[in-house]
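Visitor: Need a 3D model of the following:
(one chain, ligands or ions: 2)
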Amino acid sequence: MNISNTHKRALLGLDRTQLKAELDAIGEKPFRAKQLWHWIYYQGVTDFSLMTTIARPLQEKLAEHFIVGRPGLSREQTSKDTSRKWLLNFDDGNEAETVFIPDDGRGALCLSSQVGCTLTCQFCHTGTQRLVRNLSAAEIVGQMMVARDSYGEWPSPRGERLLSNIVLMGMGEPLFNYDNVKKALQIIMDGEGISISKRRITLSTSGVVPMIRQCGADLGVNLAISLHAVSDELRDVIMPINKKYPLKELLQACREYPGSNNARRITFEYVMLKGINDSPSDARELVRLVKGVPAKFNLIPFNKWPGVEFDCSEALAMKRFSEILNDAGYSAPIRVPRGRDILAACGQLKSDSEREKLSRLKARREQGIEDDHHPNQGYS
Ligand code: SAH
Ligand code: SF4
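Guide: Ligands and ions are numbered 1, 2, ... in the order given. Sure thing, here's the model as predicted:
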């Protein structure tokens, strides 16, 4: 079942006001929206005939006009290390990936916000994807629903839960699709439904400075910044968004981020690139840079993908880097990569349909047929 079809309206991804309007349009009272909300987001039910607090004639009427909706599932893969990846397809044939990383009975679900990404960070596989569009709120919430369906985690658990945390760290730049991300997160945080607290949600951005403040004010979720370089000179090259929003402005936005304090620190993600950004002096400069920000670090071993030129730093270099940050009083764990065998690790996501398209293009090229020019680098 897809998010919508030609005859029936999909309810997934609508906020409460929109849900009431849909019901009003078929002559039903606003309180029905609360009932539906409970069935859709708390019980996880997609079939109106299972909504037992609603009388049969109304169940039938709802089913005539609406579907609940789920993204289509192209593929589900589980890694040797138990992380899981779903390749989802949407009504227009586009695809996106969602990853779950279990950790001792709990875990983080990594949501995508766009198909591909308009930015072209040099170390990131997603940035080489040509097809790019924003995901709708329904498509973002839909990722959560598919993951919960997959683990059978319905109704929404009150206490301990496996799908305990959310990170906006999948494909795309969430702050370039802010309205839909905001709407989706508000649905996910709603206490009468999926009910994941803002303290368990982390939004990661490459540094879209003007939207950082807004995100803090509207949503108050945890913030992660993909920093990856300590000088504008290097960051301009490996993360071109830095030319628009340089380090000084980015760090200032972090200092001003509402709701961050020593108990709720901003995470700085730092991908360890051999010989590029991993020297002891880089680490010391990093300490200087984040002065005045309640900060912690995530050192991410670089994950290779076909055709990329960077290498991951040596273990010793990462250890020294981490120690310098620790000595300055910061938490700076070196992340253990998860799901590498199913290409689910950080920066490895890319729609499989895109991979297939690339191999078709390659085959055509080998036969001497020209393909059109594209602006992204990094295809192999
Ligand atoms: N666009 C957002 C959200 C994606 S988060 C952002 O950039 O923050 C994905 C994280 O993985 C980011 O910190 C990203 O910089 C990092 N990453 C990208 N490519 C990587 C790779 N090949 N190896 C390890 N981390 C990578
Ligand atoms: Fe986009 Fe983030 Fe990848 Fe950069 S690191 S290309 S912003 S997804």
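
Visitor: I'd like the mean pLDDT over stretch 211-229, please.
Guide: The average pLDDT within stretch 211-229 is 96.

Visitor: For the stretch 201-350 of the chain, just list every one of the strands.
Guide: With strands called from DSSP state E, counting those that start in this stretch, the stretch 201-350 of the chain shows them at 201-205, 222-226, 266-272, 295-301.

Visitor: how about the first one, does it reach ligand 1?
Guide: Going back to what we said before, that points to strand 201-205. Yes - counting by CB under 6 Å from any ligand atom, ligand 1 has neighbours in strand 201-205: 204-205. Heads up, the C-betas are built off the backbone N, CA and C, glycines and all.

Visitor: Please compute how far that strand lies from its chain's middle.
Guide: Strand 201-205 has its C-alpha centroid displaced from the chain centroid by 8 Å (CA atoms, centre = their mean, to the nearest Å).

Visitor: so for that strand, what's the average pLDDT?
Guide: In this model, strand 201-205 has an average pLDDT of 98.

Visitor: ok, and what's touching it?
Guide: When contacts are defined by CB atoms under 8 Å, 6 or more residues apart in numbering, strand 201-205 is touched by residues 165-169, 173-175, 181, 185, 188-189, 211-212, 215, 219, 221-226, 267, 269.

Visitor: Get me the contact residues on this protein for ligand 2.
Guide: Within the chain, the positions near ligand 2 by CB under 6 Å from any ligand atom are 117, 119, 121, 124, 126-127, 172-173, 206, 226.

Visitor: Filter those down to the ones in strands?
Guide: Of these, the ones assigned to strands by DSSP state E are Ser226.

Visitor: In TSV, list the residues of the chain next to ligand 2 along with neighbour count and distance to Lys291.
Guide: Shown next, in TSV, are the residues of the chain next to ligand 2 (neighbours: other CB atoms under 10 Å; distance: CB to CB, whole Å):
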residue	neighbour count	distance to Lys291
Cys117	25	30
Leu119	20	27
Cys121	23	25
Cys124	27	28
Thr126	28	31
Gly127	25	30
Gly172	29	31
Glu173	27	26
Ser206	25	22
Ser226	26	20
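
Visitor: Among the residues of the chain next to ligand 2, name the ones in helices.
Guide: Counting by DSSP state H, no part of the residues of the chain next to ligand 2 is found in helices.

Visitor: In CSV, list the strands of the stretch 201-350 of the chain along with distance to Glu160.
Guide: Formatted as CSV, the entries for those read as follows, by distance: least, CB to CB, whole Å:
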stretch, distance to Glu160
strand 201-205, 18
strand 222-226, 20
strand 266-272, 24
strand 295-301, 25
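
Visitor: Most distant residue from the centre of the chain?
Guide: Pro57 (39.5 Å; CA atoms, centre = their mean).

Visitor: what's the pLDDT at that residue?
Guide: 98.

Visitor: residue contacts, it?
Guide: Taking CB under 8 Å, 6+ apart as the definition, Pro57 has no contacts.

Visitor: Shouldn't it be within a strand?
Guide: No - secondary structure assignment (DSSP: H, G, I helix; E, B strand; the rest coil) places Pro57 in helix, not in a strand.

Visitor: Up against ligand 1, what does the stretch 201-350 of the chain have?
Guide: In this structure, the stretch 201-350 of the chain approaches ligand 1 at residues 204-206, 226, 228, 269, 271, 300, 302-303, 346-347, judged by CB under 6 Å from any ligand atom.

Visitor: Would you mind listing where the protein has pLDDT under the threshold?
Guide: Regions of the chain meeting the criterion pLDDT under 70 cover residues 1-6, 346-347, 349-380.

Visitor: Show me the domain layout of it.
Guide: Residue ranges for the structural domains of the chain, counted by automatic domain parsing, are given in the record as 3-67, 72-355.

Visitor: Of these, flag the one that's most buried.
Guide: Burial among the domains of the chain, expressed as mean neighbours by mean count of other CB atoms under 10 Å, is greatest for domain 72-355, which shows a mean of 19.

Visitor: Next, Leu87: secondary structure please.
Guide: Three states are possible here, and by three-state DSSP the one that applies to Leu87 is strand.

Visitor: Can we start the residue count at 23 from this point?
Guide: Got it, first residue is 23 now, which makes that one Leu109.

Visitor: Wait, it touches Asn116, no?
Guide: No - counting by CB atoms under 8 Å, Leu109 does not reach Asn116; the two are 11.2 Å apart.

Visitor: what about Glu345, distance to Ile356?
Guide: Look at Glu345 and Ile356: by CB to CB, to the nearest Å, they are 11 Å apart.

Visitor: what's the overlap in contacts for the two?
Guide: Common neighbours of Glu345 and Ile356 (criterion: CB under 8 Å, 6+ apart): none identified.

Visitor: mind listing the strands for the stretch 73-222 of the chain?
Guide: Secondary structure of the stretch 73-222 of the chain (DSSP E, counting those that start in this stretch): strands located at 88-89, 94-100, 106-111, 117-125, 128-132, 136-137, 155-156, 187-190.
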